[in-house]
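Peer 1: Below is the structure, and that's it, no one-letter string:
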């Protein structure tokens with residue numbers, strides 16, 4: 001499929017392959033990365049202690065990811081995408097991370113010199129683009145590949161090895177990720193936030209783009225995101241960065257609020273895709289997701305649908321998916337194999353390691369989400385949506401969830417008390433007025449009773 005756009009786009013070179021400094025340490029071709037430890041990557045380094053780049057899932061293959069635009073036969077302005085290849089999809093993420101960060105910095109002001117452009121880029125996205133929200137997407141794709149979910153086979157004996165490259169057309173996980181990878185790229189091209197204006201897709205991807213209703217709506221959703229919230233974020237952050245009167249602390253505060261606003265819209269696209277792909281009644285042209293789900297073993301299907309519900313919870317809490325957040329919080333205790341009836345046996349739980357117990361708990365929780373009635377889930381969602389009004393809750397959600405799920409004793413009780421305290425705090429003027437009124441009534445009652453006494 002050739003997606004063309006008439007408008008002229010300014011072309012600029014992408015940054016060098018990200019090699020995180022404070023977030024992810026630089027990699028040298030002379031010093032190969034150490035063996036990947038998937039257990040550590042699932043756990044994360046902890047709040048304020050991001051794991052270095054060489055500990056990430058990307059380290060062993062980042063330099064091997066192919067470029068989307070080095071195919072001379074396709075033309076200078078064309079991106080060549082293999083949407084049913086693990087490396088092909090990683091190439092999409094890499095291209096977007098390295099190019100969309102420049103939007104708003106180039107072209108709008110010709111007086112920007114390269115040094116100033118790099119300074120602005122660093123202020124917004126980090127020295128090596130570690131604040132870009134697509135890092136987490138690539139890490140999730142990596143888990144899907146390592147666990148055999150993209151190829152519908154048992155994972156390799158060594159879970160830490162680079163995964164198989166093929167993505168089966170019969171994989172539900174592969175189909176869903178297509179909406180959060182290739183569709184994101186097509187939306188970015190359509191919105192004009194990347195330097196290339198044409199995309200050449202493989203035949204299987206072309207078929208989905210032309211015929212699948214879910215994919216079409218996903219492309220539209222991502223186009224609107226790039227064209228609207230993302231461009232507005234870029235415009236405002238560049239203006240603040242260029243303002244010589246802006247202090248560093250002031251910029252960080254403003255940037256954080258703008259990022260949150262953009263992130264909210266990003267999660268809205270996620271939720272809309274899962275809604276039409278999983279939760280809404282199927283209609284002609286929209287049945288592919290449900291057909292693939294129906295072919296799954298029951299435990300895997302329940303886990304997958306529960307996973308989709310968790311997305312709404314992440315959306316409510318506006319969870320960040322940049323490299324800093326991902327490497328601090330870990331990618332979560334997701335199962336390392338496809339689930340079937342054998343994987344639900346519990347007779348050997350006592351022999352499991354701590355992290356294996358946590359993966360088992362994560363599966364159980366997501367399967368419970370699947371079985372939960374809609375009104376029950378909406379109550380949970382409303383509870384966390386209220387809490388998410390407080391920045392301290394949003395920023396520490398990963399740690400809170402860890403303690404509530406796996407914590408014990410006094411530590412867990414303290415976390416529960418903290419959550420209840422914030423839940424009871426007034427979140428608007430009306431609630432504040434009620435609290436003030438209740439306080440006044442309480443004082444009046446106490447004074448009168450003391451006077452009588």
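Peer 2: That came through fine. Small disclaimer: the values here were computed from a predicted structure and weren't measured.

Peer 1: can we go C-alpha only for contacts and neighbour counts from here?
Peer 2: Noted.

Peer 1: So, low pLDDT: which residues of the protein?
Peer 2: Counting by pLDDT under 70, the chain contains low-confidence ranges at 1-33, 70-76, 104-112, 244, 246, 344-349, 434-435, 445, 449-453.

Peer 1: quick one: the strands in it?
Peer 2: Here the chain has its strands, by DSSP state E, at 78-81, 198-201.

Peer 1: quick one: which of those strands is nearest residue 288?
Peer 2: Taking CA to CA, strand 198-201 is the member of the strands of the chain nearest to residue 288, at 19.4 Å.

Peer 1: same for the closest one, what does it pack against?
Peer 2: With contacts taken as 3 or more CA pairs under 8 Å, 6 or more residues apart in numbering; DSSP states H and E, strand 198-201 sits against strand 78-81.

Peer 1: since we're on residue 243, how many residues are nearby?
Peer 2: Neighbour count for residue 243, taken as other CA atoms under 10 Å: 11.

Peer 1: Same list (the strands of the chain) but as TSV, adding mean neighbour count and distance to residue 219.
Peer 2: Converted to TSV, these look like this (neighbours: other CA atoms under 10 Å; distance: least, CA to CA, whole Å):
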stretch	mean neighbour count	distance to residue 219
strand 78-81	24	15
strand 198-201	20	13
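
Peer 1: nearest to residue 330, of the ones you listed?
Peer 2: Residue 330 lies closest to strand 78-81 among the strands of the chain, at 28.8 Å (CA to CA).

Peer 1: in its sheet, what does that closest one sit against?
Peer 2: strand 198-201 (parallel) (DSSP bridges).

Peer 1: residue closest to the middle of the chain?
Peer 2: Central residue of the chain (CA atoms, centre = their mean): residue 321, 4.1 Å from the mean position.

Peer 1: OK, contacts around that one?
Peer 2: Each residue near residue 321 by CA atoms under 8 Å, 6 or more residues apart in numbering is listed here: 132-137.

Peer 1: at 7 Å instead, please
Peer 2: 133-136 (CA atoms under 7 Å, 6 or more residues apart in numbering).

Peer 1: Phi, psi for it please.
Peer 2: Phi and psi for residue 321, reported as degrees, to the nearest 10, are phi -120, psi 20.

Peer 1: Distance to residue 420 added to the strands of the chain, as TSV?
Peer 2: Output for those, formatted as TSV (distance: least, CA to CA, whole Å):
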stretch	distance to residue 420
strand 78-81	48
strand 198-201	50
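
Peer 1: what about those, which gets the closest to residue 208?
Peer 2: Among the strands of the chain, strand 198-201 comes nearest to residue 208, with 10.3 Å by CA to CA.

Peer 1: Give me the distance between residue 391 and residue 136.
Peer 2: Using CA to CA, to the nearest Å, residue 391 is found at 21 Å from residue 136.

Peer 1: out of the two, which sits in the more crowded spot?
Peer 2: Using other CA under 10 Å as the criterion, residue 391 and residue 136 rank with residue 136 on top: 21 against 14.

Peer 1: Against residue 293, how distant is that one?
Peer 2: On the measure of CA to CA, residue 136 and residue 293 end up 24 Å apart.

Peer 1: Tell me who's in contact with residue 139.
Peer 2: residue 57.

Peer 1: let's see 10 Å
Peer 2: The contact partners of residue 139, by CA atoms under 10 Å, 6 or more residues apart in numbering, come to 41, 56-58, 90, 145, 321, 323, 326-327, 330-331.

Peer 1: would you list those residues in JSON lines and tack on distance to residue 157?
Peer 2: Below are the contacts of residue 139 laid out as JSON lines (distance: CA to CA, whole Å):
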{"residue": "41", "distance to residue 157": "18"}
{"residue": "56", "distance to residue 157": "20"}
{"residue": "57", "distance to residue 157": "17"}
{"residue": "58", "distance to residue 157": "19"}
{"residue": "90", "distance to residue 157": "22"}
{"residue": "145", "distance to residue 157": "13"}
{"residue": "321", "distance to residue 157": "29"}
{"residue": "323", "distance to residue 157": "27"}
{"residue": "326", "distance to residue 157": "25"}
{"residue": "327", "distance to residue 157": "25"}
{"residue": "330", "distance to residue 157": "22"}
{"residue": "331", "distance to residue 157": "21"}
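
Peer 1: Please identify which of those residues is nearest to residue 440.
Peer 2: Nearest to residue 440, judged by CA to CA, of the contacts of residue 139 is residue 321 at 44.4 Å.

Peer 1: Residue 133 versus that closest one, what's the distance?
Peer 2: 5 Å.

Peer 1: overlap in contacts of these two?
Peer 2: With CA under 10 Å, 6+ apart, residue 321 and residue 133 have common neighbours residue 263.

Peer 1: ok, residue 125 touching residue 133?
Peer 2: Yes: assessed by CA atoms under 10 Å, residue 125 is found in contact with residue 133 at 9.4 Å.

Peer 1: Many thanks, we can stop here.
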